[in-house]
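S.K.: Provide a 3D model corresponding to the input given below.
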Amino acid sequence: NAILETTRIRFLYREDTNKRRSRVENVTIKHVSKESGYSLSTVSRVLSGSEYPVSEKAKAEIIETAERLGYVSNMLARSLKTCRSQEIAVIIPSITNPFYTSIITGVNSRLSESGYNMLIYICDNESQDIITSIRSKMIDGIIIAADCITPIISKKIHLLEKSNIPYTIVDYAPKTIEPKMGVFFSYCKGGELAASILINHGHTNIAFATRSLNMHSRNSRYKGFSTEMSSSDVSFDENDTFISVCDDDFEAGREIAVKILLSPKKYTAIAASNDAIAVGIIAMLTERGVSIPKDISVIGFDDCVYSHMTSPLLTTIRVPSKEMGIIAAEILLDALNTGKPGRKVTLEPEITERESVRYI
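M.R.: Numbers count the residues shown, from 1 in each chain. From the prediction side, this is the model:
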């Protein structure tokens, strides 16, 4: 009897649980409308996030009723009805690089304001078929970092237009395709500005520190830097360019710092192609007893989180990565809302002066 009673109780509990679960899963806007006393159209506007004007009192009561009843929005049904998933794909080459995490932060802040979700895709050498994968899903639009525009992706990206999926490129304008929409940074002008700052501070023996120049942004920074040095009649040639093959920026900076100290030329300033390399340089120079900026000045590039972690604090060329993400999202949303191609925006570099560069 005890066993039978226990079994009966379990069955009744399971039956009750299933009924309650069924009630939650089957709650529709009709139930919310009836319970709250508001019309179906008003409830639909509130729960769908429509911009149609509804009083704050009505919104609060409808939302409270929906939560109490356990209403869950059927996003799939809404997507099929509106042909919109409210999801944007963001393609980047890395999530560990502060530059891209900052872009993602900017993108997400703008998308969330408009009720969109963000899906992050990491594009590396083993994920070249990423465009085909995205096309198979219900994605409203794409934001793609320029470094992800590989030759293979360049050949397939036109398929997005055939699928009526708008895309915005962020960082710089790639040479392999002609983007209709994008937000770009003038890296060449950033390199010019870095050289100009050091020259205006009285430096003439200047070294340039970088990893290999096979990436567009690094190469553009270097070209701008060397062009400004030449136009200012300051001696600068390939012997003043220190390149590391190390895969890690920080370790590359440490390696280059040693090479500069061993160089017969006595440098008073070092321009790094990014902040992580600059931080590595400062760390090694400090270990070797070199005072910064008294003995050697150091300037970085990016103004990422690393620039706030050095002693002295790093003077750097600011790349507004978060703003780039916000603008990229705004351009894409405009295209989605109007059905027309968006615009191209180019952002200019600025100097963030801190403590690592001195006048001589």
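S.K.: All the helices of the stretch 51-200 of the chain, in order from the start?
M.R.: Ranges of helices in the stretch 51-200 of the chain, per DSSP state H, counting those that start in this stretch, are 56-69, 75-82, 98-113, 130-135, 151-156, 158-162, 187-200.
S.K.: so what secondary structure elements neighbour the fifth one?
M.R.: For helix 151-156, the elements it packs on are helix 130-135, judged by 3 or more C-beta pairs under 8 Å, 6 or more residues apart in numbering; DSSP states H and E. Just so you know, the C-beta spots here come from the backbone N, C-alpha and C atoms, and that holds for glycine as well.
S.K.: Now do the host helix or strand of residue 327, average pLDDT.
M.R.: Using DSSP states H and E, residue 327 falls within helix 321-338. The average pLDDT within helix 321-338 is 94.
S.K.: Mind giving me the packing neighbours of whichever helix or strand comes after it?
M.R.: Next helix or strand after helix 321-338 toward the C-terminus (DSSP H and E): strand 344-347. Counting contacts by 3+ C-beta pairs under 8 Å, 6+ apart, strand 344-347 packs against strand 182-185, helix 321-338.
S.K.: what's the closest of these to residue 39?
M.R.: helix 321-338 (26.7 Å; C-beta to C-beta).
S.K.: tell me the angle the closest one makes with helix 98-113.
M.R.: 40 degrees (axes from the mean of the first three to the mean of the last three C-alpha atoms, to 10 degrees).
S.K.: Just the CA atoms of helix 321-338, as PDB, please.
M.R.: The C-alpha coordinates for helix 321-338 follow below in PDB (Å, rounded to 0.1, in the frame of the first residue of the first chain):
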ATOM      1  CA  SER A 321      37.300  51.400 -31.700                       C
ATOM      2  CA  LYS A 322      34.200  51.500 -29.500                       C
ATOM      3  CA  GLU A 323      32.800  54.500 -31.600                       C
ATOM      4  CA  MET A 324      33.600  52.500 -34.700                       C
ATOM      5  CA  GLY A 325      31.400  49.700 -33.500                       C
ATOM      6  CA  ILE A 326      28.600  52.100 -32.600                       C
ATOM      7  CA  ILE A 327      28.700  53.800 -36.000                       C
ATOM      8  CA  ALA A 328      28.900  50.500 -37.900                       C
ATOM      9  CA  ALA A 329      25.800  49.300 -36.100                       C
ATOM     10  CA  GLU A 330      24.000  52.600 -36.900                       C
ATOM     11  CA  ILE A 331      24.900  52.300 -40.600                       C
ATOM     12  CA  LEU A 332      23.600  48.800 -40.800                       C
ATOM     13  CA  LEU A 333      20.400  49.600 -38.900                       C
ATOM     14  CA  ASP A 334      19.700  52.600 -41.200                       C
ATOM     15  CA  ALA A 335      20.100  50.200 -44.200                       C
ATOM     16  CA  LEU A 336      17.700  47.700 -42.600                       C
ATOM     17  CA  ASN A 337      15.100  50.400 -41.800                       C
ATOM     18  CA  THR A 338      15.200  52.200 -45.200                       C
END
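S.K.: Please name every helix or strand in contact with that helix.
M.R.: Helix 321-338 packs on helix 98-113, strand 141-145, strand 167-171, strand 182-185, strand 344-347, going by 3+ C-beta pairs under 8 Å, 6+ apart.
S.K.: partners of the third one in the sheet?
M.R.: Take DSSP bridges as the rule and strand 167-171 pairs in its sheet with strand 141-145 (parallel), strand 182-185 (parallel).
S.K.: Any chance you could list what contacts it?
M.R.: With C-beta atoms under 8 Å, 6 or more residues apart in numbering as the test, strand 167-171 has contacts from 103, 141-147, 149, 157, 160, 179, 181-185, 217, 324-325, 328-329, 331-332, 335, 342.
S.K.: Just the angle for it relative to helix 187-200, thanks.
M.R.: Going by the same axes, to 10 degrees, strand 167-171 makes 20 degrees with helix 187-200.
S.K.: could you give the mean pLDDT of strand 167-171?
M.R.: Across strand 167-171, pLDDT averages out at 95.
S.K.: Where does pLDDT dip in the stretch 251-360 of the chain?
M.R.: Counting by pLDDT under 70, the stretch 251-360 of the chain contains no low-confidence range.
S.K.: that older thread, which outside residues touch the helix holding residue 327?
M.R.: For helix 321-338, contacts defined as C-beta under 8 Å, 6+ apart pick out 88, 99-100, 102-111, 114, 116, 140-143, 166-168, 170-171, 181-183, 185, 302, 304, 341-343, 345, 347.
S.K.: And stretch 262-273, by the same measure?
M.R.: With C-beta under 8 Å, 6+ apart, stretch 262-273 has contacts from 194-195, 198, 201, 203-211, 218, 221-222, 225, 239-240, 253, 257, 260, 278, 281, 296-301, 357, 360.
S.K.: and what of stretch 346-353?
M.R.: Outside of stretch 346-353, the residues within contact range by C-beta under 8 Å, 6+ apart are 183-187, 189-190, 193, 197, 303, 307, 315-320, 323-324, 327.
S.K.: and with 7 Å instead?
M.R.: For stretch 346-353, the surrounding residues in contact (C-beta atoms under 7 Å, 6 or more residues apart in numbering) are 183-186, 189-190, 193, 197, 303, 315-318, 320, 323-324.
S.K.: Quick test: name the residue nearest the centre of the chain.
M.R.: With distances taken as C-alpha atoms, centre = their mean, residue 103 lies nearest the centre of the chain, 2.1 Å away.
S.K.: residues contacting it?
M.R.: So residue 103 contacts 170, 321, 324, 325 (C-beta under 7 Å, 6+ apart).
S.K.: again, only using 8 Å
M.R.: Contacts of residue 103 by C-beta under 8 Å, 6+ apart are 92, 145, 170, 171, 321, 322, 324, 325, 328.
S.K.: I am finished for the moment; much appreciated.
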